[in-house]
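Colleague: below is the structure, and that's it, no one-letter string:
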């Protein structure tokens, strides 16, 4: 069975630095009729589990530790038995949302995740958060960027644990080196492509 990308939008809130905002999050499921991985278990474990159905969940992969991307992860782990994977540099953000539970394993740059006959490669892309990662699939011609790169440019860096020069460096060195036709599946909002974002990320600029 050929791997495919499935998309679910869930709604909730994002809280950091004393503020709370309503947000819609993209949840991405990659796999086939037998097994999947979940990218960003946001807000609604029941809805995500319903999308998965009776398929085996290999892993719940967190693109970063902001609460809107991880809030449903422990509940989804309870429902599926799947391990939660996150980059260790986002441990401080994880603990803000889930002080009483821990992820199951660390993600690392260059790590490969295999599901349904396809391989996704972890790209460490700090800037929006210290442990932000993207997942690139050459076979599927796409990259899952979380909040690192959106349709329109880089993710936000105006809050704690973020850094604008770093996110620009990450995008230019780790994402803009991918084939220009690569589809960018983002953490919020519509898709884009690497080619369409080349002019939206300046070489150097203070936010």
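Modeller: Received it, and whenever you're ready, just let me know what you need. What you see is a predicted model; the values in this text were computed from it and never measured.
Colleague: next up, the contacts around the nearest residue to residue 80 once chain neighbours are set aside.
Modeller: For residue 80, ignoring the flanking residues on the chain, the nearest one in space by C-beta to C-beta, 6 or more residues apart in numbering is residue 57 at 4.1 Å. Using the backbone N, CA and C atoms, a C-beta is placed for each residue, glycine as well. The contact partners of residue 57, by C-beta atoms under 8 Å, 6 or more residues apart in numbering, come to 35, 36, 37, 38, 76, 80, 81, 82.
Colleague: if we use 7 Å, what do you get?
Modeller: Applying C-beta atoms under 7 Å, 6 or more residues apart in numbering to residue 57 gives the contacts 36, 38, 80, 82.
Colleague: likewise residue 38?
Modeller: Residue 38 neighbours (C-beta under 7 Å, 6+ apart): 27, 29, 48, 57, 60, 61, 76.
Colleague: identify the bridge partners of it.
Modeller: Beta-bridge pairing for residue 38 (DSSP bridges): residue 29, residue 60.
Colleague: where does the protein have low pLDDT?
Modeller: Scanning the chain for pLDDT under 70 picks out the ranges 1, 204-207.
Colleague: what residue is smack in the middle of it?
Modeller: In the chain, the C-alpha nearest the mean C-alpha coordinate belongs to residue 63, at 2.9 Å (C-alpha atoms, centre = their mean).
Colleague: how about it: what's its closest non-neighbour residue?
Modeller: Nearest non-adjacent residue to residue 63, counting by C-beta to C-beta, 6+ apart: residue 146, 2.7 Å away.
Colleague: so what's residue 81 closest to, chain neighbours aside?
Modeller: Sequence neighbours aside, residue 57 is the residue nearest to residue 81 in space, at 7.3 Å (criterion: C-beta to C-beta, 6+ apart).
Colleague: could you point out the helix or strand that follows the helix or strand harbouring the one you found?
Modeller: Remark: residue 57 resides in strand 56-61, with elements defined by DSSP states H and E. Reading on from strand 56-61 to the C-terminus, the next helix or strand found by DSSP H and E is helix 67-70.
Colleague: next secondary structure after that following helix?
Modeller: Once helix 67-70 ends, the next helix or strand along the chain (criterion: DSSP H and E) is helix 73-80.
Colleague: same for that next one, what does it pack against?
Modeller: Applying 3 or more C-beta pairs under 7 Å, 6 or more residues apart in numbering; DSSP states H and E, we find helix 73-80 packed against helix 45-52, strand 56-61.
Colleague: many thanks, have a good one.
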